[in-house]
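Peer 1: Just a sequence and a predicted model for now, questions to come.
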Amino acid sequence: MSDNESFGQLLHGTARAWRQKLDERLKPVGLSQAKWRTLMHLSIAQDALTQAEIAARLGVEEPTVVALLHRLEREAWITRTNSPHDRRCKMVLLGRRAQRVIAQINATADRLRHELLADITPSDLKTCMRVLERIRERAEESDSRQSATRRRLARVFAGPNGQTKRRHSIPSKSTISRRAGGFK
């Protein structure tokens, strides 16, 4: 196994182990990992979040978040209201119960962070954080480039009615290469 493969597994395993530890410590408060992660995202947001924004921040599909938010609302952790701009859109805010417990969640997370990072030197931690930030930026940059390419190709091949030119539902590779300058 190469270092690159090992790094990915180590990164994933570390994040999972950290979340599981925090999950264990928050169970007595009545919060599962899915619940406390959702509440944390809501607590650090400047304003109310839409269900779609919460799904994106959690890295899950929107239908999954809808069921989770229904449970959180039923248990008075959150409130949902219709958006003033789009009635189809639900805006999510922390409920009173969550507002009272956010400080406890933060304190528990801080204690765990101090325990897990106790014997790591500040310079090692800074290096680790700098490397992880670069990796995250590259991943996000790659995602945005791919999205831009897909949007550009959709404009190149779609006619005014959404159908591709020359009545082909899927353009051939040679057509894509000629029109878009090829893939890189």
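Peer 2: In hand now; what should we look at?
Peer 1: And the host helix or strand of Arg97, what does it pack against?
Peer 2: Taking DSSP states H and E as the criterion, the element that holds Arg97 is helix 96-116. Judged by 3 or more CB pairs under 8 Å, 6 or more residues apart in numbering; DSSP states H and E, the packing partners of helix 96-116 are helix 3-26, helix 33-44. Every C-beta, even on glycine, is put in place using the N, C-alpha and C of the backbone.
Peer 1: After the host helix or strand of Ala56, heading C-terminal, what element do we hit next?
Peer 2: Secondary-structure element containing Ala56, defined by DSSP H and E: helix 51-58. Read in the C-terminal direction, the helix or strand following helix 51-58 is helix 62-74, with elements assigned using DSSP H and E.
Peer 1: tell me which strands and helices the very next helix or strand once past that following helix is in contact with?
Peer 2: In the C-terminal direction, the helix or strand that comes right after helix 62-74 (DSSP H and E) is strand 78-82. When contacts are defined as 3+ CB pairs under 8 Å, 6+ apart, strand 78-82 sits against helix 33-44, helix 62-74, strand 90-94.
Peer 1: quick one: contacts of the longest one?
Peer 2: Contacting residues not belonging to helix 62-74 are listed as 34-35, 38-39, 51-52, 54-55, 58, 78-80, 90, 92, 95 [CB atoms under 8 Å, 6 or more residues apart in numbering].
Peer 1: Now, of those, which are buried?
Peer 2: Judged by neighbour count, with 16 or more other CB atoms under 10 Å as the criterion, the buried members of these are Ala34, Lys35, Thr38, Leu39, Gln51, Ile54, Ala55, Ile78, Arg80, Lys90, Val92, Gly95.
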